[in-house]
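1. build me a structure from this.
(chains A and B)
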Amino acid sequence: MPSRLGLRSVALGYLLVILLAPLGMVFYRTFEHGLAPVWRVLSDHYTVHAFEITLLATAIAVPLNTVFGVLCALAIVRRRFRGKGLLNAFIDLPLAVSPVVIGLALYLLYGRSGWFGPWLQAHGIQVLFALPAIVLATIFVSVPFVAREVIPVLRELGTEQEQAAATLGATRRQRFWRITLPSIRWAVIYGVILTTARCLGEYGAVAVVSGQIEGKTETATTLIDDMIQNFQNGDAYAVAVVLAAIAVLVLVLMTLTRPREAL
Amino acid sequence: MIVVLPIAALAWESKRDGTHAFWQTISSPEAVGALKLTFGAALVVALINGVLGTITAWVLVRDDFRGRSLVNAVIDLPFALPTIVAGLTLLALYGPGSPVGIDVAFTRTAIVLALCFVTLPFVIRTVQPVLLELDVEMEEAARSLGAGRLAVFRRIVLPNLLPGILSGVVLALARALGEIGSVVLVAGSTTHTEVASVFVYNVIQDGLAAEASAVAVVLLAAAFVLLLAVGALRFFVTRHERA
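-> Numbering: from 1, shown residues only, chains lettered A, B, ... in the order given. Reported below is the predicted structural model:
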């Protein structure tokens, strides 16, 4: 059937032009001159430090947002309370709002003339242009993912099993650990993978609040930006390839975890 | 606490100097230019991905070829890849010294390209499940009654897919309006390629957070409206299930 082939080539052609060819090109450019220059960039003190900051922020944000996401999902699906619709709407906000706007909002809150600025300064706590701001920005942008994955699964699940367990004398805690959590397990894992990917790759919000101080508050993504601004394109490719490799790994994990959730 | 408080601070800051100052900032030629460009580019990109995303979803569900599941997995790449890396990949292939002889760096084409990249999965992922549910028998029945291929698509497939396509388009639109990471490297901040988020970023760098907040509030409002639109679409689609 010609039209079937036609549509197939349109779809695959589009993916090739916009996704795969550019990605392949970065890998090619990076390893064009062999491994030695890549290793030199990646073992550089500043690069290592930038990756450490990124990993640290991710390590703090992911567990927090996982717990928060599951609690939020439970509250939205199971409970009735005032402002539930508002919570439901606000939880999606970080997905729709520009990361730069999020960065600016944090800037206005914790900056020197911001709401918390004077208090923080009086107590000698540096938030903006320091690690706390990077962590806050990372948490903010990755809030919705776990809740978004868990909510539909909780809806499907219903409460019958838990009610049965309750009549058999299971406590609230037992019901959660023995019934609810195992049922939403795959959705949580999928959400955690998405959260991790988002945290590692966050740029806009972090760029605003971190100040991008080399060797101090530079993250892997802002480092790429700085390298390009300084015409060190080769160096930027090397850092990007590490992040791209992580992204491919994330993709593999997503593919492995998704089918079970669809059941 | 983490989400609402900063947003409140932002809204407060933009209003602090009064509505007059707000309008003055927002109507400066740079701000207006950036906002126009952003909304224009986002609309174009949402439309491109609306059409090509629907086609891709159809190919992934109805077509059968080797490597289909691999292609299906690749669709999520823009969700997994840091946006700044996405920008860099586009710069590597379509920037200065391009091996295919296309250099669109610092043009508006580059903005559209970058936004197409990051919003690619939205329409595909909202249309795919609907297509999977859609009964092929309905289309076969129409064909057996003499409907042409175009008529089947227009009368049966499209009306069923429309809510899915629309929510995908709206999500893509929201994402495209706020995108910075992928755009900043390929389009930079030349006067005719500065999108709103890059504009806000540059103004903050100049130490003018209050000025930045005016444009930021416009982006925030647009995000709110689009979220409401998605919510309304979801409500509309599930209406018959709840009734």
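2. low-confidence stretches in chain B?
-> For chain B, residues meeting the criterion pLDDT under 70 lie at B:1-2, B:15, B:17-18, B:238-243.
3. what's the closest residue to B:Phe236 other than its chain neighbours in contact with, if anything?
-> When the adjacent residues along the chain are set aside, B:Phe236 lies closest to B:Pro163, with 6.6 Å between them (Cβ to Cβ, 6 or more residues apart in numbering or on different chains). C-beta coordinates here come from the backbone N, C-alpha and C atoms, glycine included. With contacts defined as Cβ atoms under 8 Å, 6 or more residues apart in numbering or on different chains, the neighbours of B:Pro163 are B:Val130, B:Leu233, B:Phe236, B:Val237.
4. filter the residues you listed down to the buried ones.
-> Those of these that meet the buried threshold are B:Val130, B:Leu233, by 16 or more other Cβ atoms under 10 Å in any protein chain shown.
5. can you add secondary structure and distance to B:Leu91 and give the contacts of B:Pro163 back as a markdown table?
-> Written out in a markdown table, the entries for those read as follows (DSSP: H, G, I helix; E, B strand; the rest coil; distance: Cβ to Cβ, whole Å):
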| residue | secondary structure | distance to B:Leu91 |
| --- | --- | --- |
| B:Val130 | helix | 35 |
| B:Leu233 | helix | 35 |
| B:Phe236 | helix | 40 |
| B:Val237 | helix | 39 |
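6. which pair in the contacts of B:Pro163 spans the largest distance?
-> In these, two members sit farther apart than any others by Cβ to Cβ. They are B:Val130 and B:Phe236, at 13.4 Å.
7. quick one: residues contacting the most centrally placed residue in chain B.
-> Ranked by distance to the mean C-alpha position of chain B (Cα atoms, centre = their mean), the top residue is B:Ala172 at 2.4 Å. With contacts defined as Cβ under 8 Å, 6+ apart, the neighbours of B:Ala172 are B:Val45, B:Ala46, B:Asn49, B:Gly50, B:Gly53, B:Thr119, B:Phe122, B:Val123.
8. what's the lengthiest helix in chain B packed up against?
-> Under DSSP state H, the helix in chain B containing the largest number of residues is helix B:29-62. Of the remaining helices and strands, those touching helix B:29-62 by 3 or more Cβ pairs under 8 Å, 6 or more residues apart in numbering or on different chains; DSSP states H and E are helix A:2-15, helix B:68-74, helix B:108-133, helix B:158-178, helix B:196-205, helix B:209-237.
9. ok, B:Ile102 - contacts?
-> B:Ile102 makes contacts with B:Leu93, B:Tyr94, as judged by Cβ under 8 Å, 6+ apart.
10. could you look up the SS state of it?
-> Assigned by DSSP: H, G, I helix; E, B strand; the rest coil, the conformation of B:Ile102 is coil.
11. what about it, distance to B:Leu90?
-> Here B:Ile102 is placed at a distance of 11 Å from B:Leu90 (Cβ to Cβ, to the nearest Å).
12. how near is the most centrally placed residue in chain A to chain B?
-> Taking Cα atoms, centre = their mean, the centroid of chain A lies closest to A:Arg198, which sits 2.1 Å from it. When Cβ to the nearest Cβ, to the nearest Å is the yardstick, A:Arg198 and chain B sit 8 Å from each other.
13. one step back: any chance of the contacts of B:Ala172 in JSON lines with neighbour count and distance to B:Val195 as columns?
-> Listed next are the contacts of B:Ala172 as JSON lines, based on neighbours: other Cβ atoms under 10 Å in any protein chain shown; distance: Cβ to Cβ, whole Å:
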{"residue": "B:Val45", "neighbour count": "27", "distance to B:Val195": "11"}
{"residue": "B:Ala46", "neighbour count": "25", "distance to B:Val195": "14"}
{"residue": "B:Asn49", "neighbour count": "29", "distance to B:Val195": "17"}
{"residue": "B:Gly50", "neighbour count": "20", "distance to B:Val195": "20"}
{"residue": "B:Gly53", "neighbour count": "30", "distance to B:Val195": "22"}
{"residue": "B:Thr119", "neighbour count": "26", "distance to B:Val195": "14"}
{"residue": "B:Phe122", "neighbour count": "25", "distance to B:Val195": "18"}
{"residue": "B:Val123", "neighbour count": "30", "distance to B:Val195": "21"}
